[in-house]
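A.B. asks: How does the following fold in three dimensions:
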Amino acid sequence: MIINQLSGGSKAHWLARSFSEAFLMRSPEGQAVEAVAPGKIVERLLNVLGQAVTSLSSQGDAPVLSTSSPQPAPRRFDFVHNAELRPILEQAYTDARTALDEGDYPAALRTTCGILEALVTDALEQKGVAALTGSGASSETRVVADVQAGSIADWSFVTRLTLAEKTGLIRGGWARLPDTARSYRDHPAGSPDPAISESDARRSLQVLHVIMRDLNPGR
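C.D. replies: Modelled structure (predicted):
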């Protein structure tokens, strides 16, 4: 609990990572060692706690988070056409990963799907409605109804994904989205959550990564 508090509840924090790694001994070849003397593990744990004490002492009353080693660079969304959307997506991606690490699977899935929808919408708007409606996807009744409903922002999540695939913006990887992700709009934050599993949240994040590669092939 102390490590959790000092690391701000983030498993990505250097202190949380060091604490976990203290339990994992490796041979010179890099392989995990199964049998380790308890005293050796205790020594490693004390070393980690010593680092935390040093960090806190050097910063006075400042939280240990402020003295963490450089954090991984945020996921970049430079390929998004709407420049104002990029920093929002970067923060949302961080929030989604944090929620997943902390076991808040409904929040992780909702945030991931929100990012995915924003990315696909941005790509569709760049292509233009005229090109979308002539893509051949109009043979699907559901898509026809959505397209006739108004702007791209009025279309359903699945319709946007369907048309993005039909027009070649993305491939068919989005089909792996679980049902809870496809219907995520029906369960906004604050409403009773459906049974969203860790598998649902992780698979949705995997699909997001696939779509990001589709939209940014040069990455």
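
A.B. asks: Can you give me the buried ones in stretch 195-208?
C.D. replies: I196, D200, A201, R202, R203, S204, L205, V207, L208 (16 or more other Cβ atoms under 10 Å). Any C-beta I mention is one placed from the backbone N, CA and C, and that applies to glycine too.

A.B. asks: With stretch 174-186 instead?
C.D. replies: Applying 16+ other Cβ under 10 Å to stretch 174-186 flags W174, L177, P178, T180, A181, R182, Y184 as buried.

A.B. asks: now, the most widely separated pair of those?
C.D. replies: Largest separation among the buried residues of stretch 174-186 by Cβ to Cβ: W174 and T180, giving 14.3 Å.

A.B. asks: Could you measure from the closest residue to K127 other than its chain neighbours over to H209?
C.D. replies: Closest residue in space to K127, ignoring its immediate chain neighbours: T167 at 6.1 Å, by Cβ to Cβ, 6 or more residues apart in numbering. T167 sits 21 Å away from H209, going by Cβ to Cβ, to the nearest Å.

A.B. asks: Which one of these two is surrounded by more residues?
C.D. replies: T167 (18 against 12; other Cβ atoms under 10 Å).

A.B. asks: so the more buried one makes contact with V120?
C.D. replies: No - T167 is not in contact with V120 according to Cβ atoms under 8 Å; the separation is 10.8 Å.

A.B. asks: for this protein, what's the longest helix?
C.D. replies: With secondary structure taken from DSSP state H, the chain has its longest helix at helix 105-127.

A.B. asks: domains of this structure?
C.D. replies: Domain assignment for the chain by automatic domain parsing gives 2-67, 83-215.

A.B. asks: List the residue ranges of the chain that fall below the pLDDT cut-off.
C.D. replies: The chain contains residues with pLDDT under 70 at 1-74, 129-150, 187-194, 218-219.

A.B. asks: show me where it has strands.
C.D. replies: Remark: strands of the chain are absent; assignment by DSSP state E.
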